[in-house]
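A.B. asks: The following block contains a protein sequence and its predicted model.
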Amino acid sequence: MPGPRQDLRRALHELAFRQAGYFSAAQAKELGYSHQAQKYHVDHGNWVRIDRGVFRLPGWPSSTDDVFARWTIWSRGRAVVSHDSALAVHDLSDANPAHIHITLPSSANHRHDALVIHHGPLPDDDVEERGAWRVTTIERTLVDVAGGSTPQELIDAAVAEALARGATTPRRLLRRAADADDHAALRLERALARSNVQ
């Protein structure tokens, strides 16, 4: 019959399996692992310390999307992959950002050298679930990158690809552009004019 220690380990593994093998110190503490027990598991190789307060089960199979799950745990579940990183996730254009772009609520004050952090509200309609992490929808992503400093050529390519796939329509993008700031609207309209899709 399993004892409390096995129950604790099982609960941690169930949590980590939902989060691509990752879990936070706060989550482990909530399950019943004291700070002393956390240090013990790291020191004995049972857990791998990924960052301050972020752990992973050892031997977890790697995936290219693992990094997004990591930053979701790091942000206490508030991060949404966005902007240039979301372009790459959606395989739109040749976007290959040097840093991970995430959007956090305005109240969050997280910082990390590996990230470009954007702040602002994200309605549920603008977010897609990807298992252990979330990403902005294609239309929201296009509005976000158009409002930033992403080169116009990448925006043109991303809009053309999204239209060619049927992931959006010129009408829907124009509607989104109308609600965006002037800079984003102009760049989206320019990309639509160059797309040759009616």
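C.D. replies: Cool, the structure landed. Please read these numbers as outputs of a predicted model, since none were measured by experiment.
A.B. asks: Help me confirm that G148 comes into contact with H83.
C.D. replies: Yes - counting by CB atoms under 8 Å, G148 touches H83, with 6.2 Å between them. To be clear about C-beta, it is placed using only N, CA and C from the backbone, and glycine gets the same treatment.
A.B. asks: Who has more neighbours out of these two?
C.D. replies: The neighbour comparison of G148 against H83 (other CB atoms under 10 Å) goes to H83, with 24 against 16.
A.B. asks: right, and A185 touches A178 too?
C.D. replies: Yes - A185 is within contact range of A178, at 6.8 Å (criterion: CB under 8 Å).
A.B. asks: Those two: which is more packed in?
C.D. replies: More neighbours surround A185 than the other of A185 and A178, with 18 against 10 (other CB under 10 Å).
A.B. asks: Next, the contact list for A167, please.
C.D. replies: With contacts defined as CB atoms under 8 Å, 6 or more residues apart in numbering, A167 is in contact with 90, 138.
A.B. asks: May I have the beta-bridge partners of F23?
C.D. replies: Taking DSSP bridges, one finds F55 as the beta-bridge partners of F23.
A.B. asks: distance of the residue nearest the centre of the chain from L104?
C.D. replies: If you average the C-alpha coordinates of the chain and look for the closest C-alpha using CA atoms, centre = their mean, you land on V81, 2.5 Å from that point. Applying CB to CB, to the nearest Å, one obtains 11 Å for the distance of V81 from L104.
A.B. asks: swap in E161?
C.D. replies: Using CB to CB, E161 is found at 27 Å from L104.
A.B. asks: mind listing the strands in the chain by residue range?
C.D. replies: In order along the chain, the chain carries the following strands (DSSP state E): 22-24, 48-51, 54-56, 80-81, 100-104, 115-119, 127-129, 134-136.
A.B. asks: Put together JSON lines for those strands, with distance to R171 on each row.
C.D. replies: Putting the strands of the chain into JSON lines (distance: least, CB to CB, whole Å) gives the following:
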{"stretch": "strand 22-24", "distance to R171": "40"}
{"stretch": "strand 48-51", "distance to R171": "43"}
{"stretch": "strand 54-56", "distance to R171": "43"}
{"stretch": "strand 80-81", "distance to R171": "25"}
{"stretch": "strand 100-104", "distance to R171": "25"}
{"stretch": "strand 115-119", "distance to R171": "27"}
{"stretch": "strand 127-129", "distance to R171": "21"}
{"stretch": "strand 134-136", "distance to R171": "20"}
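A.B. asks: how's the protein carved up into domains?
C.D. replies: Taking automatic domain parsing as the criterion, the chain consists of the domains 4-56, 66-195.
A.B. asks: what's near enough to touch the residue nearest to W60 when sequence neighbours are not counted?
C.D. replies: The spatially closest residue to W60, leaving aside those adjacent along the chain, is G21, at 3.4 Å (CB to CB, 6 or more residues apart in numbering). G21 makes contacts with 56-57, 60, 66, 69, as judged by CB under 8 Å, 6+ apart.
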